[in-house]
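> Quick one, fold the following:
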Amino acid sequence: MTDAFSPPPDPLPPETALSAGFLTEADHALMRHHLRGVRMIELRQIGGPPEAGAEVLAHLEAAGFAVKFRLLERMSPPPLCRIVFRYPGPKQAEMTIAPEVSG
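Residues are numbered from 1 along each chain as shown. Take a look at the predicted model:
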C-alpha cells in the first residue's frame, strides 16, 4: 500500500546485463527518471539503424508500457540529444530517439 508520501514504484527495472546496443546505462537511468507515472508511450525514431528502435521498443514493452512506434526520416530542427521526452497528456509521453546524435 502506498500513500501520498511514499515514492511511486519504479516502472523500469534496473538493467542487470546491458547489451552493446543503442541503450547505455545512462539511457536506462534517464528513462527510469522521465517515465515515472507514464503508461502510454509514442516512440519515434529519427534516422539511424532500425535495430536501435527495435531495442528501445522491446525494452519499453518488457517494462509494461503500451508503446506505439513511428519511424521518421527527419525532424526540423534536428534533435540535440539522443533521447528526448515530451508529455502531451496525463500518463502519456512522446519519446524521440536519434541514434545518429552523439551528445
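> only C-alpha atoms for contact and neighbour calcs from this point on.
OK.
> mind listing the helices for this structure?
According to DSSP state H, the chain carries its helices in the segments 25-34, 50-62.
> For stretch 86-103, buried residues please.
By neighbour count, with 16 or more other Cα atoms under 10 Å as the criterion, the buried positions of stretch 86-103 are 92-99.
> follow-up on the earlier one: any idea which of the helices of the chain is most buried?
helix 50-62 (a mean of 16; mean count of other Cα atoms under 10 Å).
> Tell me the helices and strands packed up against that helix.
Other helices and strands packing on helix 50-62, by 3 or more Cα pairs under 8 Å, 6 or more residues apart in numbering; DSSP states H and E, are strand 66-72.
> mind redoing it with 6 Å?
Helices and strands touching helix 50-62, by 3 or more Cα pairs under 6 Å, 6 or more residues apart in numbering; DSSP states H and E: there are none.
> quick one: low-confidence parts of the chain?
The chain contains residues with pLDDT under 70 at 1-20, 103.
> Reformat the buried residues of stretch 86-103 as CSV; add distance to residue 78.
Shown next, in CSV, are the buried residues of stretch 86-103 (distance: Cα to Cα, whole Å):
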residue, distance to residue 78
92, 23
93, 19
94, 16
95, 14
96, 11
97, 11
98, 9
99, 12
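> Can you tell me which of those is nearest residue 45?
Nearest to residue 45 out of the buried residues of stretch 86-103 is residue 97 (Cα to Cα; 4.9 Å).
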